[in-house]
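[1] Have a look at this fold, sequence not included:
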């Protein structure tokens with residue numbers, strides 16, 4: 001029982017780290033643009049498939065990963081410039097932006113199907129170093145997921161808290177009018193937030209590819225889980241996205257390990273509903289004072 005519990009715990013942490021990456025993509029874009037980034041999961045799919053394709057062509061593993069991440073960032077930049085810059089900068093309603101990005105997500109999944117078909121792609125484990133804890137062997141890729149997640153989160157918080165770009169980003173998210181008066185371009189910061197979300201999604205894709213094979217349809221599921229994790233932790237807080245992703249991953253893992261894999265999705269959704277019933281802004285979200293409806 002102890003070994004099973006530890007295995008479920010380690011699996012849940014790994015799954016939660018992947019969800020946290022996608023949730024961070026939601027939070028970063030929403031904080032800047034008030035737009036739900038429904039393309040977040042598509043970049044997970046793109047990063048995983050591209051890395052698998054490059055590796056299949058004979059490229060070294062880490063070069064394949066680097067190329068996949070660069071292309072994810074480039075596609076994120078092109079997507080914003082071509083499809084999202086004009087409606088956002090012209091003051092389009094949140095519903096319009098939501099419809100545009102939802103259409104982009106659907107087009108992305110269809111394009112992946114036409115380009116690469118239904119054949120799954122995968123990567124080998126980055127290393128073969130294993131760790132044994134209380135008789136449970138932790139797969140080496142789990143360690144990579146944990147380490148890359150910790151490094152990425154540390155770099156992200158350093159960027160947001162210790163650099164001029166991060167300060168400009170926070171200024172635009174809090175008061176874009178005042179930021180513009182101080183010489184900061186909110187449109188450019190929105191562009192950077194979308195590219196950063198694409199990079200985070202690509203990282204999630206390449207580190208998860210050795211654990212689960214990648215397919216053209218995986219983006220939709222990742223988008224849903226990332227959105228749930230972001231809402232669970234607080235859509236306007238980066239630390240909330242991390243905690244929300246871990247809670248969601250652990251809930252799914254324990255449900256599948258001790259109840260049934262058929263109830264994993266239902267239990268995760270039930271957990272979200274239960275928390276939002278008592279705290280609708282999420283665990284770390286900012287509570288807004290509103291008049292009660294009677």
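    The structure has been received and is ready for your questions. On a predicted model such as this, the values are computed, not experimentally measured, just so you know.
[2] Phi, psi for the closest residue to residue 122 other than its chain neighbours please.
    In this structure, residue 122 finds its nearest non-sequential neighbour in residue 213, 4.5 Å apart by Cβ to Cβ, 6 or more residues apart in numbering. For the C-beta atoms, the positions are set from N, CA and C on the backbone; glycine is no exception. In terms of degrees, to the nearest 10, the main-chain angles of residue 213 are phi -70, psi 150.
[3] Ok, residue 117 next?
    Per degrees, to the nearest 10, the backbone of residue 117 is at phi 70, psi -160.
[4] quick one: low-confidence ranges for the stretch 51-200 of the chain?
    Scanning the stretch 51-200 of the chain for pLDDT under 70 picks out nothing.
[5] Show me the helices in it, by range?
    Applying DSSP state H, counting those that start in this stretch to the stretch 51-200 of the chain gives helices spanning 61-79, 85-89, 94-116, 140-162, 164-174, 176-181, 186-208.
[6] May I ask you to confirm that residue 209 is in contact with residue 53?
    No: contact criterion Cβ atoms under 8 Å: residue 209 and residue 53 do not qualify, at 10.9 Å.
[7] ok, the two, which is more surrounded?
    Legend: neighbour count by other Cβ atoms under 10 Å for residue 209 and residue 53, higher for residue 209 (29 against 17).
[8] Look up the pLDDT of that one for me, please.
    Confidence at residue 209, expressed as pLDDT, is 88.
[9] who's in contact with the residue nearest to residue 122?
    Residue 213 makes contact with 120, 121, 122, according to Cβ atoms under 8 Å, 6 or more residues apart in numbering.
[10] rerun that using 10 Å as the cut-off
    The contact partners of residue 213, by Cβ atoms under 10 Å, 6 or more residues apart in numbering, come to 48, 49, 52, 119, 120, 121, 122, 123.
[11] Buried subset of those, written for ChimeraX?
    Applying 16 or more other Cβ atoms under 10 Å to these, the buried members can be selected in ChimeraX as follows:
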select :48,49,52,120,121,122,123
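[12] Return the closest of the contacts of residue 213 with respect to residue 248.
    Of all the contacts of residue 213, the one with the least separation from residue 248 (Cβ to Cβ) is residue 48, at 19.5 Å.
[13] Tell me which other helices or strands whichever strand or helix holds residue 251 touches.
    Element membership for residue 251 (DSSP states H and E) is helix 238-258. Under the contact definition 3 or more Cβ pairs under 10 Å, 6 or more residues apart in numbering; DSSP states H and E, helix 238-258 sits against helix 2-33, helix 140-162, helix 218-233, helix 264-278.
[14] Now do the shortest one against helix 238-258, angle only.
    Relative orientation of helix 264-278 with respect to helix 238-258: 140 degrees, computed using axes from the mean of the first three to the mean of the last three Cα atoms, to 10 degrees.
[15] State the separation between stretch 265-279 and the centre of the chain it belongs to.
    19 Å (Cα atoms, centre = their mean, to the nearest Å).
[16] Would you mark the buried spots in it?
    For stretch 265-279, burial by neighbour count (16+ other Cβ under 10 Å) applies to 265, 267, 268, 271, 272, 275.
[17] Need the contact partners of it.
    When contacts are defined by Cβ under 10 Å, 6+ apart, stretch 265-279 is touched by residues 19, 221, 224-225, 227-229, 231-234, 244, 247-252, 254-256, 259-260, 263, 282-283, 285, 287.
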